[in-house]
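[1] Next come a sequence and a model predicted from it.
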Amino acid sequence: MSVLAASTTSTGEAVQFWVLGTVAVIGALCTILLRKAVHSALCLAGTMIILAVFYLANGAYFLGVVQIVVYTGAIMMLFLFVVMLVGVTAADSVKETIKGQRWWAAACALGFGILLAGGIGNASLTEFDGLGTANAAYGGNVEGIAALVFTKYVFAFEITGALLITAAVGAMVLTHRERTERARTQRELAEQRVREGTHLPPLPAPGVYARHNAVDIAGLLPDGTPADLTVISTLRKRGQIRDVSGEALADLKALEQRSEERLGRDREDVRDIRDQVPDRDRDEEEASR
Amino acid sequence: MNPVNYLYLAALLFTIGATGVLIRRNAIVLFMCVELMLNACNLAFVAFSRMHGNLDGQVIAFFTMVVAAAEVVVGLAIIVSVFRARHSASVDDASLMKL
């Protein structure tokens, strides 16, 4: 223990801890409780930003910035990319495959949390040194970490480089697909299409004219039913077609009703005029008489 | 406030992450929960670094971040290739070797 040992932090840091800590726990709970993966990712990003603030408050200035740049900037965006790739609408199933698994998991988590809290509570951690001297030893936090990384932990640092290269190569190997056959030319594709004779012209475009131009919305046939052929096969296989035929039919019905009303009113107007005209004629006749 | 509260917060976040790993099925969300647990560990490292007045804890947290980045890259590549093969990211569907 150094001479600078203290037992409490400043009041400002305490307020920051309780406010942001609450938000961080709520974000973590939302991460595990929300059903859509995108929402989970966004909540986790929020929690990570709050952790970055905590790092800064603890005097770890370098780690605080790295946390924002690497975790929320790179890793969470990578997560979002993969979520978009895998299907953003795919929600998690709520069906339990093992009976009562959720309650057992909650019970285990409660026990584990109590165990951890008990361990921390039993340790004698009433005083702390603070990073003032450690940060000042080499002229700053970044310089202090650099001095450690390049002297005491230099071997681990080199291994880290090897790990990163292996990870990059591994990711490329895993996602790369070797083409096993020659790509067919446009001529061959055209000939095949003619030979099959099922659908010669290009496929019809998706979307409903002047209303929806999204690729996942099937175009409508003249009778108002959706034409699945207009949506690309990937979305068709995933079942991610949005159907607006009901909406379009309702719009059509409303339009017809409105025109009906308008026509009906016009007819009434005409009848009114026709009723009025003889009256006026009669009036004029009476006047002239 | 004593900085030991940061340790309690780290323990709570780690527990929440572990619960998420137990109850969720989507492989991507499982990965996010693992990331949450790693972050909780980092917070504990940083808090310990402050308590003991040396920077070793921060260096270890830095290495954890690097390892987490490598792990996420490989893990997400595995998820993408599994999704390509099976059209599902649920960990329950990958049960080909089950009796």
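    Alright, I've got the coordinates. Computed from a predicted structure; not experimentally measured.
[2] only C-alpha atoms for contact and neighbour calcs from this point on.
    Fine.
[3] which residues in the stretch 1-150 of chain A form helices?
    Assigned by DSSP state H, counting those that start in this stretch, the stretch 1-150 of chain A shows helices spanning A:11-33, A:37-57, A:61-66, A:76-86, A:101-122, A:132-137, A:141-149.
[4] same question but for chain B, I mixed them up
    Using DSSP state H, the helices assigned to chain B run over residues B:4-23, B:27-52, B:56-86.
[5] can I get these in JSON lines with mean neighbour count and mean pLDDT?
    Formatted as JSON lines, those follow (neighbours: other C-alpha atoms under 10 Å in any protein chain shown; pLDDT from 0 to 100):
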{"stretch": "helix B:4-23", "mean neighbour count": "23", "mean pLDDT": "93"}
{"stretch": "helix B:27-52", "mean neighbour count": "24", "mean pLDDT": "93"}
{"stretch": "helix B:56-86", "mean neighbour count": "19", "mean pLDDT": "91"}
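[6] got those as a markdown table, with distance to chain A columns?
    Output for those, formatted as a markdown table (distance: least, C-alpha to the nearest C-alpha, whole Å):
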| stretch | distance to chain A |
| --- | --- |
| helix B:4-23 | 5 |
| helix B:27-52 | 4 |
| helix B:56-86 | 5 |
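[7] Provide the contact partners of stretch A:71-80 at residue level.
    Stretch A:71-80 is contacted from outside by A:38, A:41, A:45, A:48-49, B:28, B:65, B:69, B:72, B:76, using C-alpha atoms under 8 Å, 6 or more residues apart in numbering or on different chains.
[8] first vs last residue of it, how far apart are they?
    End-to-end distance for stretch A:71-80: 12 Å, by C-alpha to C-alpha, to the nearest Å.
[9] quick revisit: tell me which of the helices of chain B sits nearest to A:Gly130.
    Nearest of these to A:Gly130, taken as C-alpha to C-alpha: helix B:27-52 at 4.8 Å.
[10] Which other helices and strands does that closest one contact?
    helix A:11-33, helix A:37-57, helix B:4-23, helix B:56-86 (3 or more C-alpha pairs under 8 Å, 6 or more residues apart in numbering or on different chains; DSSP states H and E).
[11] before we move on, the earlier item: comparing the helices of the stretch 1-150 of chain A by mean pLDDT, which bottoms out?
    Per-stretch mean pLDDT for the helices of the stretch 1-150 of chain A is lowest at helix A:132-137 (a mean of 80).
[12] can you tell if that helix touches chain B?
    Yes: contact between helix A:132-137 and chain B, assessed by C-alpha under 8 Å from any C-alpha of the partner chain, occurs at A:132-135.
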